[in-house]
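>>> Fold the following, please.
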Amino acid sequence: MIRELAKELVDLIFDWGYVGIFLLMAVESSFIPFPSEIVLIPAGYLASKGDMNLGMIMVSALGGSLVGAFINYYLALILGRRLLQKYGKYFFINENALAKMDNYFEKHGAISTFMGRLIPGIRQLISIPAGMARMNLAVFSTYTALGAGIWALVLTMLGYFIGENQALIDTCLKQITITVLVLLVLLGSWYYYYQKTKIIKD
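From the prediction side, this is the model:
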């Protein structure tokens with residue numbers, strides 16, 4: 001039922017063209033969970049038929065993803081931190097814990113944001129701790145755009161090359177998701193090893 005409602009919403013928004021893609025990706029990237037594959041795979045298929053432009057799809061998707069990420073970032077920065085400072089003690093979160101979070105995102109915010117944008121269920125949420133930790137906005141924006149751009153390109157190309165074959169799309173999407181997670185584990189392991197050897201050298 002939820003998927004049917006989402007499809008009706010997508011059909012409605014697609015009447016708005018690239019603005020619709022921008023709005024849906026902003027929703028997907030903010031605090032409302034919305035599967036981006038429902039938006040970008042059909043958009044890629046329309047591009048394969050010549051009804052849409054691949055470049056404009058990517059610009060719209062990336063712009064929407066950044067806007068949604070900024071919404072979460074600033075809500076966490078303005079409200080989340082204030083709430084934690086006031087009520088965090090009831091959840092065993094004190095100023096020391098907040099300081100550690102700030103320090104972590106200052107040192108590892110780039111890799112955390114990039115990897116988070118590529119993990120299903122995490123990509124919308126990674127902006128929240130980044131905002132609470134007051135992560136450098138330029139760094140946050142760069143790595144959010146990089147991660148979101150890669151995922152948007154993958155989904156758009158699926159729609160472009162596979163089209164309406166839903167069964168094949170589901171299979172490919174599952175395989176791609178697993179491959180991405182494996183690559184992220186390898187990247188995370190390399191990063192941990194790099195940081196460890198860097199500390200030893202210092």
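>>> Check which element follows the worst-scoring helix or strand of the chain on mean pLDDT along the chain.
The helix or strand of the chain with the lowest confidence, counting by mean pLDDT, DSSP states H and E, is helix 2-14 at a mean of 59. Counting by DSSP states H and E, the next helix or strand C-terminal to helix 2-14 is helix 18-29.
>>> Next, the angle from whichever helix or strand comes after that following helix to helix 18-29.
Following helix 18-29 in sequence order, the next helix or strand is helix 37-48 (DSSP H and E). If you take axes from the mean of the first three to the mean of the last three Cα atoms, to 10 degrees, helix 37-48 sits at 150 degrees to helix 18-29.
>>> ok, which stretches of this protein are helices?
2-14, 18-29, 37-48, 54-75, 81-87, 95-116, 127-132, 137-162, 166-201 (DSSP state H).
>>> And the second one, what's buried?
This points to helix 18-29. Residues 18, 20-29 are the ones in helix 18-29 that count as buried (16 or more other Cβ atoms under 10 Å). For the C-beta atoms, the positions are set from N, CA and C on the backbone; glycine is no exception.
>>> any chance of these in CSV, plus distance to residue 196 and pLDDT?
Converted to CSV, the buried residues of helix 18-29 look like this (distance: Cβ to Cβ, whole Å; pLDDT from 0 to 100):
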residue, distance to residue 196, pLDDT
18, 45, 91
20, 46, 88
21, 42, 90
22, 41, 94
23, 43, 90
24, 41, 88
25, 37, 91
26, 38, 92
27, 39, 88
28, 35, 86
29, 33, 89
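>>> which one among those gets closest to residue 81?
residue 29 (20.6 Å; Cβ to Cβ).
>>> Surely the closest one touches residue 148?
Yes: between residue 29 and residue 148 there is a contact at 6.9 Å, judged by Cβ atoms under 8 Å.
>>> Sounds good, over and out.
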